[in-house]
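> Structure for this input, please:
(chains A and B)
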Amino acid sequence: MAADASATPDTGPGGRRDGVWLAALWVILSVVGCALVYFVWGPHLPPGNQSSSAASQQFDYKVLGTIATPVVIGVLLYFGWALAFWRQQPGDETDAAPIHGNTKIAATWITVTGAIVLGLAVFGTYELISPAGAGAGEGPQPIWKPAGTVTTSSASWAPGGKNILQVQVIGQQWAWTFRYPQFGGFETTQLELPLNEPVQFNVTSLDVIHSFWAYQLGVKADANPGVNNVAYTTPTHLGTITVRCAELCGIWHGAMFDYGKVVSDSAFMTWAQQTETQLASVTKILPPYALTYDPTVLANVGKVNEELGLTSAGGGYYNPADPEQP
Amino acid sequence: MSLPARVTTLMIAFLAVVAGGIFVALHFIGAQPPVEDYTPYASGGQVNVVLQTAPETTSGSDPDWVTYFIQNPKTKQWIHTTYFAVPANTKVNVTIEGYDGCTPLRNPAWGKVMGTTGGVEDVQYVSGKSTTPVKAISQFNSWADCAVQHTFAIPTLGINVPVASPTTVADNNNLCGTAPCTSGPHSVVTFSFTTPKTGGVYPWQCFVPCGGGYVDGNGGPMGTPGYMMGQMEVQA
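Sure, this is the predicted structure:
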């Protein structure tokens, strides 16, 4: 390996010629590699581009992958070059010269890595804020909301309006259900969303902690009992959505999946209105729409259930605020 | 202690730990209930499966756990299991004898019958010597009525069947005391569904949090194969 620059010969292992070759190869391979990562591999990176948040995440992966490419190529190139050309000769027992005291290299290293880290911090923050939380659960009081939208669960919803579509996601061992408060509050196992309309997911759980993961939408939000976790997205392409639980929640956790659809505005309205009518009798027996539900409180409890002292807590319910949770 | 003795002791200790790990894995984690195979008994594109719910297992290591039983298709004996096999693309006619008492569903939405032929289940109530006529029901209100004891649900196939319960306070206080149950107030629920055209394993479960004393009512029997959850093997 080379010692300080003044002692480095122009030729021979670690010489200036090696440095020029390495630098030239690194630049060429990095340009090609970056182009391949961004333009060829990038469009296939997860989670795709079916929604605003998914596209934003894919863009982040493309940028991070592109930035990482020259680093990876540099390390591998240097490693391969050393293996190929700087091998120890038979009988050569001498150590390489130590590197020390190169202020220029140290300053360059600190400046470049510092700029990369600070740049990524700014980029990451912007990418979290600009797509309204980037599809992640923001808790009960979200800071970043889609611009120009109004949140009202009681008002009816129509395509193109300012009122954002509300979809409540309810996790229960081991299935997801979806409630549409702006369509009478019906609850169904089917998730349907309109194209190019902002959606607000209100995610909660009736028992343990689950995690709502709508993969193709790039939406992931923990479902906690007694907590409303809000996530936003705007579906931008028609197609199927896979919904999974991303939090180990019990023995059939692996079977806790569902499929949803992104459909046109008109198809969504037709589906929502038909489902509202079809499920009207079930909607009547549901608890009034709320952001969270307490299983120890029954709406319209019947006489026999009351006499038997029954609630929907069944075998037990531990309030999320209870510090003595097992 | 000499070197050979120390090496031998270490090896024995190591093997003991490995053996203990294997025992735990096989005995506790890998233990599976038996599979009741209904496949050979299918005829004319149909097969009849019979299950029972009991308020307490009354045997084994957890006698107070609520449980399902499945009837052996050949001997008609009740087997303590929740695993059964049926052929693909076949109409499965299920009968559930429900001997447990009512508990409101945690989510009343599961009171709707889904995925069955006609979207209904047929229900009869048996109390003492009286038996009600068969009634087709498409929805239960488990909060307003003492109506549902458990569910038989296969979420991945969109099937949800609330198992009707005895409806009165007197019946709910006089449930069967010895499992498998042969007497006591109970419901008889029948419904049909068609299995997928290809083979596979489909988990089924109860949506009533009936694991008394466990985390959110969902531990114990709710999370143990052979009690309130199981699987249906569809054989191609």
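
> Ramachandran angles for the closest residue to chain A within chain B?
Here the residue of chain B nearest chain A is B:Gly217; by CB to the nearest CB that distance is 2.9 Å. No exception for glycine: its C-beta is placed from N, CA and C like everyone else's. Backbone geometry at B:Gly217, expressed as degrees, to the nearest 10, gives phi 70, psi 10.

> Surely it touches A:Ser312?
No - if you go by CB atoms under 8 Å, B:Gly217 and A:Ser312 don't touch, sitting 9.3 Å apart.

> Give me the common contacts of those two.
B:106, B:209 (CB atoms under 8 Å, 6 or more residues apart in numbering or on different chains).

> Contacts only, for the residue of chain B closest to chain A.
Contacts of B:Gly217 (CB under 8 Å, 6+ apart): A:207, A:313-317, B:106, B:209-211.

> Quick check: B:Trp204 vs A:Val169, distance?
Using CB to CB, to the nearest Å, one obtains 23 Å as the distance from B:Trp204 to A:Val169.

> Up against chain B, what does the stretch 151-300 of chain A have?
A:170, A:172-175, A:177, A:187, A:189, A:206-208, A:225, A:250-252, A:255-258, A:279, A:281-282, A:285-287, A:295, A:298-300 (CB under 8 Å from any CB of the partner chain).

> Give me the buried subset of these.
With burial judged by 16 or more other CB atoms under 10 Å in any protein chain shown, the buried subset of those is A:170, A:172-175, A:177, A:187, A:189, A:206-208, A:225, A:250-252, A:255-258, A:279, A:282, A:285-287, A:295, A:298.

> May I have the secondary structure class of B:Pro196?
Under DSSP: H, G, I helix; E, B strand; the rest coil, the three-state class of B:Pro196 is coil.

> Check it and give its pLDDT.
B:Pro196 carries a pLDDT value of 96.

> care to break the chain down by domain?
With no chain named, the answer covers chain A. A:9-85+A:107-131, A:139-317 (automatic domain parsing).

> Switch to chain B, please.
Using automatic domain parsing, chain B is parsed into the domains B:1-31, B:35-235.

> Please identify the deepest-packed of these.
Mean neighbour count (mean count of other CB atoms under 10 Å in any protein chain shown) peaks for domain B:35-235 among the domains of chain B, with a mean of 20.

> What's the end-to-end length of it?
Distance across domain B:35-235, first residue to last, is 12 Å (CA to CA, to the nearest Å).

> show me the residues around A:His253 that make contact.
Counting by CB under 8 Å, 6+ apart, A:His253 touches A:174, A:245, A:247.

> Repeat that for B:Ala136.
Contact analysis of B:Ala136 by CB under 8 Å, 6+ apart lists B:118, B:120-123.

> So it: helix, strand or coil?
Going by three-state DSSP: B:Ala136 is strand.

> mind listing the helices for the chain?
You didn't pick a chain, so chain A it is. A:16-35, A:52-85, A:103-129, A:265-278, A:280-285, A:303-308 (DSSP state H).

> oops, chain B please
Using DSSP H, the helices of chain B run over B:3-24, B:169-172.

> Could you check how far A:Trp41 is from A:Gly65?
A:Trp41 is 7 Å from A:Gly65, by CB to CB.

> So which of these two has more stuff around it?
The neighbour comparison of A:Trp41 against A:Gly65 (other CB atoms under 10 Å in any protein chain shown) goes to A:Gly65, with 18 against 15.

> was I right about that one contacting A:Gly42?
Yes - using CB under 8 Å, A:Gly65 is in contact with A:Gly42, at 7.0 Å.

> residue farthest from the centroid of chain A?
A:Gly91 (55.8 Å; CA atoms, centre = their mean).

> which residues touch that residue?
Taking CB under 8 Å, 6+ apart as the definition, A:Gly91 has no contacts.

> quick one: it from A:Ser52, how far?
For A:Gly91, the distance to A:Ser52 - CB to CB - is 65 Å.

> With B:Ser138 instead?
Taken as CB to CB, the span from B:Ser138 to A:Ser52 is 40 Å.

> got it, and A:Leu22?
42 Å.

> more crowded one of these two?
A count of neighbours by other CB under 10 Å puts A:Ser52 above the other of A:Leu22 and A:Ser52, at 24 against 16.

> ok, A:Asp207 touching B:Gly211?
No - using CB under 8 Å, A:Asp207 makes no contact with B:Gly211, being 10.6 Å away.
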